[in-house]
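Participant: Structure of the sequence below:
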Amino acid sequence: MSKGKGFFGEFKKFILRGNVMDMAVGVIVGGAFTSIVTSLNKDILTPILGIFGGTDFSNLFVVLGEGEEAPILYYGNFITAVINFLITAFVIFCLVKALNALNEKLSRKKVEEEAPAAPTTKVCMYCKSEIAIDATRCPHCTSELND
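Facilitator: So this is what the prediction gives:
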C-alpha cells in the first residue's frame, strides 16, 4: 500500500509543481487565442482577400470520382488552416519580440539602478581610519597622504 501512496504522492507533487501549472494555463490561453485567430481569419481576412481575389477559400474543393459517394478534397479548408497558422505564428512572434524588448529594457534599467555609486571615502594608509576621498591629510593621525 505504501508504494501506491508514494506513486500518487509523487504524481500530486508533479502536478502541483509551478511549471506544470504554468503549462496548463498556457494551453488554456492558447486555445482561447486560437479561436480569436480563427475568427480574425474567417470573419475579417478571408472576406478582404475575397474582394481582391474574388475567392472564398472555404468553398474550394475537388470531387475525386463520380457519384454521391465520391470523396471530396477540401483544399480551401487547408489553405484557411495554413493562413490561421501563419497569422498565429506572426502574432506570437510579435508578442515574444515585444516581451523580450520590455524585459531587456527593464533589466537594463535594473542594472543602471544597481550600479555602485562612486566611493566617497578611503582608508588612511597609516592609521587605517576612514577619511574623505579627497583628503590630503588624515584628520586622525595628521599624516600627509600622497596618492
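Participant: How about Leu73, nearest residue that isn't a chain neighbour?
Facilitator: Leaving aside its chain neighbours, Leu73 sits nearest to Val62 (4.6 Å; criterion: CB to CB, 6 or more residues apart in numbering). Bear in mind the C-beta positions are built from the backbone N, C-alpha and C, glycine included.
Participant: just the helices in this structure please.
Facilitator: Ranges of helices in the chain, per DSSP state H, are 2-15, 18-39, 46-53, 75-114.
Participant: what mean pLDDT does the second one have?
Facilitator: Per-region confidence: helix 18-39 scores 82 on mean pLDDT.
Participant: List the buried residues in that helix.
Facilitator: Residues of helix 18-39 classed as buried: Val37, Thr38 (neighbour count, 16 or more other CB atoms under 10 Å).
Participant: And for it, what's in contact with it?
Facilitator: The contact list for helix 18-39 (CB atoms under 8 Å, 6 or more residues apart in numbering) reads Phe14, Asn84, Ile87, Thr88, Val91.
Participant: Can you tell me how far the last one is from Phe85?
Facilitator: When CB to CB, to the nearest Å is the yardstick, Val91 and Phe85 sit 11 Å from each other.
Participant: Mutual contacts of the two, please.
Facilitator: Counting by CB under 8 Å, 6+ apart, no residue touches both Val91 and Phe85.
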